[in-house]
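**Student:** Here's a sequence, model it:
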Amino acid sequence: MHGANAEDMVLHVPVGTIVKDALTGETIVDLDQNNLKYLIAVGGRGGYGNAHFVSSTRQAPSFAEL
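**Tutor:** Okay, here's the model as predicted:
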């Protein structure tokens, strides 16, 4: 599945990894111990997806939904 129903993506990083905000440079989390977990991003509400809009005359959508 994709979107809101997709499985979680887990990224394994080395101990000592520091996660910073790209715009402000502010430190979000310092992963300074083994087996620490931190949720960085949450998925959206989901939507129809491109497959919903396909028809025999419209093979790819040329618009975007909110």
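**Student:** And the contacts of stretch 7-16?
**Tutor:** Here stretch 7-16 makes contact (Cβ atoms under 8 Å, 6 or more residues apart in numbering) with 1, 31, 32, 33, 34. C-beta here means a position set from N, CA and C on the backbone, and glycine is covered the same way.
**Student:** now, the most widely separated pair of those?
**Tutor:** With Cβ to Cβ as the measure, no two of the contacts of stretch 7-16 lie farther apart than 1 and 32, at 34.2 Å.
**Student:** Neighbour count for those two, which is higher?
**Tutor:** residue 32 (10 against 7; other Cβ atoms under 10 Å).
**Student:** now the helices: where do they sit in the chain?
**Tutor:** 50-53 (DSSP state H).
**Student:** Output the below-cut-off pLDDT ranges for it.
**Tutor:** Low-confidence segments of the chain (pLDDT under 70): 1-4, 46, 61.
**Student:** and with 90 instead?
**Tutor:** 1-9, 40-66 (pLDDT under 90).
**Student:** Same list, the contacts of stretch 7-16, but as CSV with distance to residue 41 please.
**Tutor:** Rendered in CSV, the data for those read as follows (distance: Cβ to Cβ, whole Å):
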residue, distance to residue 41
1, 17
31, 16
32, 21
33, 22
34, 23
